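*Asks:* the sequence and its predicted three-dimensional model are supplied below.
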Amino acid sequence: MWPFMLLVSLGALVMGMLNAKHVFGPRPCSQLFQSRLNHAGVAIGYWLDPHFGARSLIGLAIGTLVGGAWN
């Protein structure tokens, strides 16, 4: 999950830059999409393994990583 930490840190840096320019809209929308993509990761995990075993963690990791990249 190190790529997620990198992506979220870069997102926070961009948020600071936008706030310095008095642009406040895009960042909260980004957080909403990240949350939705994390929920999509749960759906992918269920699709991979309906009993939420070890294989479903791959789907959860994919959803978290894509959510962080969107962020």
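*Replies:* Structure's in. What do you need?
*Asks:* show me which helix runs longest in the chain.
*Replies:* Among the segments of the chain that qualify as a helix by DSSP state H, the longest is helix 26-48.
*Asks:* check which helices and strands it sits against.
*Replies:* Packing partners of helix 26-48 (3 or more C-beta pairs under 8 Å, 6 or more residues apart in numbering; DSSP states H and E): helix 2-20, helix 56-70. (C-beta placed from N, C-alpha, C; glycine too.)
*Asks:* what's near enough to touch the closest residue to Ala40 other than its chain neighbours?
*Replies:* Distances taken as C-beta to C-beta, 6 or more residues apart in numbering place Gly63 nearest to Ala40, at 5.2 Å, with adjacent residues excluded. Taking C-beta atoms under 8 Å, 6 or more residues apart in numbering, we find Gly63 in contact with 37-45.
*Asks:* measure Gly63 to Ser35 for me?
*Replies:* Distance of Gly63 to Ser35, computed by C-beta to C-beta, to the nearest Å: 10 Å.
*Asks:* Gly59 now?
*Replies:* Noted for Gly59: a distance of 16 Å to Ser35, by C-beta to C-beta.
*Asks:* more neighbours: those two, which one.
*Replies:* The residue with more neighbours, out of Gly59 and Ser35, is Gly59; 20 against 12, by other C-beta atoms under 10 Å.
*Asks:* run a quick neighbour tally on Val8.
*Replies:* Neighbour count for Val8, taken as other C-beta under 10 Å: 15.
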